[in-house]
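> turn this into a structure:
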Amino acid sequence: MAIDYKSAGVDVEAGYSAVRLMKEYVRSTYDKNVVGDLGSFGGFYALDDSPTGDVLVAGTDGVGTKLKYAFATGKLDTVGIDCVAMCVNDIVCQGARPLIFLDYIALGKLVPESVAEIVKGVAEGCRQAGCALIGGETAEMPGFYPEDEFDLAGFSTGIAKRDKVINGAGIKKGDRLVGLRSSGVHSNGYSLVRKLFPVDDKATFEYSEALGGVPAEVLLTPTRIYVKTVLALIEKVKIMGIAHITGGGFIENIPRILPVGLAAKIDRNSYELPPLFKELQKRADISYEKMCNTFNMGIGMVLAVDRSDEEAAIKELRALGEDPVRLGEVVEGEGVIL
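Numbers count the residues shown, from 1 in each chain. Purely as a prediction, here's the structure:
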């Protein structure tokens, strides 16, 4: 029987409804310095009225139920990287440089050595992103969390010049889509992943021929942090828009940067689907379309560039150590065409 994200317990439509319902309350807090509205990868706050002035770009996120594999394996020093990645990757989508990071750890029982391992990972993520870990909160909550479990979330603020913000407004028909490869599932879709690789199944902790490794270890591979690559690229090539491929996959994230009347046409033959995603699809028994509405499918970030700049972007990305994918193009329409 097919298992999709909703049957795994995540109702994406309910999430959209919640955003619609909260908008009036969120907007009631805005002042003249707030730029834009809900829906962007980062939230904007201008420091002055100058069209070339500084804008703060903020993002917050958590690791999610990927943590279950950390609990099961006892490996706690990488999930902090995921926490940082989920925040700073959103910020850099807007062309901003992350400046600071704060973490929040809530747990059932505070074991100092375990907390140190978690923060070790957070610090590593901050080094990869080039931002400073300036503080955080550790909340011991007995009776709320099991003693051997915790939740991990973070918040980051970056900065950009107002006239240099990347928001997708200039994207047009014919622009090309370039993909940056992911390191795996990253930190989204794990409520479904855990149905397919249960933490109480011995096979999850044994070598898998299909994955070329132990599933629990493969699934703990940290989320890639794209900050330094993207910031270096935008110094050389004009980037029209950037989408961080998180929960909702291509289907939900690429349209967030597209102007009304435009769609993303994806060439599914532009790269080979990594083995992990093939195995996830096989076990879930769901369509390619549903996979693309749940997972990143091996592509963690999508860049929109003018057709005339595609070659320069590909060349520069290769020089930066990337293996970019010519993923598709922008066409007339709506949403994502697979």
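
> ranges for the strands of this structure?
34-35, 43-46, 54-62, 97-107, 132-140, 150-161, 176-181, 241-244, 262-266, 299-305, 325-332, 335-337 (DSSP state E).

> so where's the protein uncertain?
Residue ranges of the chain with pLDDT under 70: none are present.

> centre-most residue in it?
residue 246 (4.0 Å; CA atoms, centre = their mean).

> biggest helix in the chain, by residue count?
helix 112-129 (DSSP state H).

> got the buried residues for that helix?
Residues of helix 112-129 classed as buried: 114-115, 117-119, 121-126, 128-129 (neighbour count, 16 or more other CB atoms under 10 Å). For the C-beta atoms, the positions are set from N, CA and C on the backbone; glycine is no exception.

> any idea how far it is from the chain center?
19 Å (CA atoms, centre = their mean, to the nearest Å).

> from here on, call the first residue 408.
Noted, 408 is the first residue going forward, which turns the last one into helix 519-536.

> okay, the angle between it and strand 539-547?
150 degrees (axes from the mean of the first three to the mean of the last three CA atoms, to 10 degrees).

> who does helix 519-536 touch, helix- and strand-wise?
When contacts are defined as 3 or more CB pairs under 8 Å, 6 or more residues apart in numbering; DSSP states H and E, helix 519-536 packs onto helix 486-499, strand 504-514, strand 539-547, strand 557-568, helix 634-641.

> and the longest one, how far out from the chain middle?
Averaging C-alpha coordinates over helix 486-499 and over its chain gives two centres that are 7 Å apart (CA atoms, centre = their mean).

> the fourth one too?
From the chain centre to the centre of strand 557-568 is a distance of 12 Å (CA atoms, centre = their mean).

> and what of the third one?
Counting by CA atoms, centre = their mean, strand 539-547 is centred 21 Å from the centre of its parent chain.

> got the contact list for it?
Defining contact as CB atoms under 8 Å, 6 or more residues apart in numbering, one finds that strand 539-547 is touched by 506-517, 522, 526, 529-530, 533, 561.

> now, of those residues, which are buried?
Applying 16+ other CB under 10 Å to the contacts of strand 539-547 flags 506-515, 522, 526, 529-530, 533, 561 as buried.

> tell me which two of the residues you listed sit farthest apart.
Spatially, the most separated pair among the buried ones among the contacts of strand 539-547 is 506 and 515, at 32.4 Å (CB to CB).

> contacts only, for the closest residue to residue 487 other than its chain neighbours.
Among residues not flanking residue 487 along the chain, residue 528 sits closest, at 2.6 Å (CB to CB, 6 or more residues apart in numbering). When contacts are counted by CB under 8 Å, 6+ apart, residue 528 touches 483, 484, 485, 486, 487, 488, 489, 490, 629.

> same question for residue 453.
Per CB under 8 Å, 6+ apart, neighbours of residue 453: 440, 441, 442, 460, 461, 462, 463, 569.

> any idea which of those has the most stuff around it?
Counting neighbours by other CB atoms under 10 Å, residue 462 leads these with 24 neighbours.

> from residue 673, how far off is that one?
Applying CB to CB, to the nearest Å, the value for residue 462 to residue 673 is 31 Å.

> likewise for residue 612?
Applying CB to CB to residue 612 and residue 673 gives a distance of 35 Å.

> cool, thanks, talk later.
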